[in-house]
Each structure stands twice: as C-alpha cells, then as structure tokens.
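**Student:** Starting from these lines, generate the structure:
(one chain, ligands or ions: 1)
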Amino acid sequence: MRKILVLEDEESIRSFVVINLKRAGYDVVEAGTGEQAIERLVENPDVSVALLDIMLPDIDGFEVCRRIRAMNLSVGIIMLTARTQEIDKVTGLMTGADDYVTKPFSPTELIARIDAVCRRVRGEEPQPKRNELRSGPFILNMENRTLDRGDRHIKLTQVEYTIVKLFMENPGKALSREEILNAVWGKDYFGDLKIVDVNVRRLRMKIEQDPQNPEFLTTVWGYGYQWGK
Ligand code: CA
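**Tutor:** Next comes the predicted model:
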C-alpha cells in the first residue's frame, strides 16, 4: 500500500484530505507542523509522496521541502498552495517540489496528481511506447526494427524480424507453418514450408538461452509454432 504524508495545519482541511486518501486506499501519515512532518518522514522512510501545505505556524512548506530534498529521500513532493500567485508555484518547484495543487482542490484531482508523481518518482511500470512490443525479457522496437533481450541487442535479418513481430503480436497462439509462411513470405511465395522451420531454428539460436529447450519460440507438434507455452 502506498503511504502518503499529509502536512497541513488546518485540521478541517487535513481531515478532509486524509479521509479521501484513506478511502482511495492509501496509508496516511499526518503532521500539523513542519518540524513534525520531518520527524514523521524520518520515522516512515516508505512514504511515497508528501503533501506540503505552505503557510504553517513554524517553518513554511518551502523550507520543509528544502530539508526533505537535503536529506536525499526518494519521496515525491506536492505543494498545497492556497494562493494562486505564480510565484508560489515557481518557488515550490525551485525548492524541489514535483508538483503543486491549488486550494480548493477536488479529491479526484489530488489523487490523480499523487498517482502521477508516484509513477515518476518510483519509476514504476514504464508504459510501453507506441512503437514497441514487450514480452518477457524482449523488447521489439518497430521503428528501428530491432530486438533486445534485457541488455543484449540481438541482430535479426528482416525475415527474422517479421517472424518475431508476428509471434509477439500473437502471444500464446498456435500459428500453423502455412500461416507463418503466408504472413512472412506472402501468399505468392512458392517455396517449401521447411523455410519456416529453418528460420525458426536460427531464431532460437539467437533469442533462446537453450535453443534445444526453447522457452519462447515453442513447437506445437504436427502443426507449427507459438510464442510462449
Ligand atoms: Ca496552512
């Protein structure tokens, strides 16, 4: 569960935020002063995002932000600002905040901002780019027509590239040798079906850790091949 720190001295606003975050499934740590917020963060190093009010009775939210950054914690910071002056936003971002939300804000807006900051800060679940296919350790880049397995760059012929693309677009689906031949070489190709087997065998040498016991380009006996088991 994600943990959020809420620093806000006005109780009514703080409890409004806390209730809504809890309802959305977050774990919440509360603080009413800047000093308290720093203490809570030290006690809870697993906080993903800190929401910092700016106007506080002791040190202000910008100072809290500066101190958090000085501690080098990998926490996302969203400033809660009551004022709409641009200067607040600029100062907030200059002191190391990731985002700001202007009061009054809706719970939906706040949660959307928190989620966005969480993704950025923790680098969670990188979204696949439009021009690439991902499967297990493989990334097929359809712009450069390249295949990577983890850090390893695999050199493919254009035919091999087309075969891999066909498989990665149809994960877990048994493709007959005829289907593969038609999709890769075209319906007008008059060659032997064995060309499919030859290319699959060569591809296995390139992409499988143990080509004799393929994990990805698997055989469907008496039929063809499939991607995955
Ligand atoms: Ca305040």
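**Student:** quick one: contacts of stretch 210-220?
**Tutor:** 135-136, 138, 167, 174, 200-201, 203-205, 207-209, 225-229 (Cβ atoms under 8 Å, 6 or more residues apart in numbering). All C-beta atoms are positioned from the backbone trio N, CA, C, and that covers glycine.
**Student:** Just the CA coordinates for that stretch, please, in PDB.
**Tutor:** Only the C-alpha atoms of stretch 210-220 are listed here, as PDB (Å, rounded to 0.1, in the frame of the first residue of the first chain):
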ATOM      1  CA  ASP A 210      18.800 -23.000 -24.500                       C
ATOM      2  CA  PRO A 211      17.800 -23.400 -28.200                       C
ATOM      3  CA  GLN A 212      17.200 -27.200 -27.600                       C
ATOM      4  CA  ASN A 213      14.600 -26.400 -25.000                       C
ATOM      5  CA  PRO A 214      13.000 -23.200 -26.200                       C
ATOM      6  CA  GLU A 215      11.100 -21.100 -23.700                       C
ATOM      7  CA  PHE A 216       9.600 -18.600 -26.100                       C
ATOM      8  CA  LEU A 217       9.600 -20.000 -29.700                       C
ATOM      9  CA  THR A 218       8.000 -23.300 -28.800                       C
ATOM     10  CA  THR A 219       6.900 -26.100 -31.100                       C
ATOM     11  CA  VAL A 220       3.300 -27.100 -31.500                       C
END
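**Student:** residues of it that come out buried?
**Tutor:** Buried positions in stretch 210-220, judged by neighbour count with 16 or more other Cβ atoms under 10 Å: Pro214, Phe216, Leu217, Thr218.
**Student:** Nearest to Val101 among the residues you listed?
**Tutor:** Phe216 (45.0 Å; Cβ to Cβ).
**Student:** phi, psi of the closest one?
**Tutor:** Backbone geometry at Phe216, expressed as degrees, to the nearest 10, gives phi -110, psi -60.
**Student:** do the same with Asp148
**Tutor:** Taking degrees, to the nearest 10, you get phi -120, psi 140 for the backbone angles of Asp148.
**Student:** ok, for it, nearest residue in space, not its chain neighbours?
**Tutor:** With sequence-adjacent residues excluded and distances taken as Cβ to Cβ, 6 or more residues apart in numbering, Asp148 is closest to Ile139, at 4.8 Å.
**Student:** neighbours around that neighbour, how many?
**Tutor:** Using other Cβ atoms under 10 Å, Ile139 has 17 neighbouring residues.
**Student:** can you tell me the helix or strand for it?
**Tutor:** Assessed by DSSP states H and E, Ile139 sits inside strand 138-141.
**Student:** Which strands and helices lie in contact with that strand?
**Tutor:** Secondary-structure packing of strand 138-141 (3 or more Cβ pairs under 8 Å, 6 or more residues apart in numbering; DSSP states H and E): strand 132-135, strand 146-149, helix 158-169.
**Student:** ok, the second one: who's next to it in the sheet?
**Tutor:** Strands that pair with strand 146-149, judged by DSSP bridges, come out as strand 138-141 (antiparallel), strand 152-154 (antiparallel).
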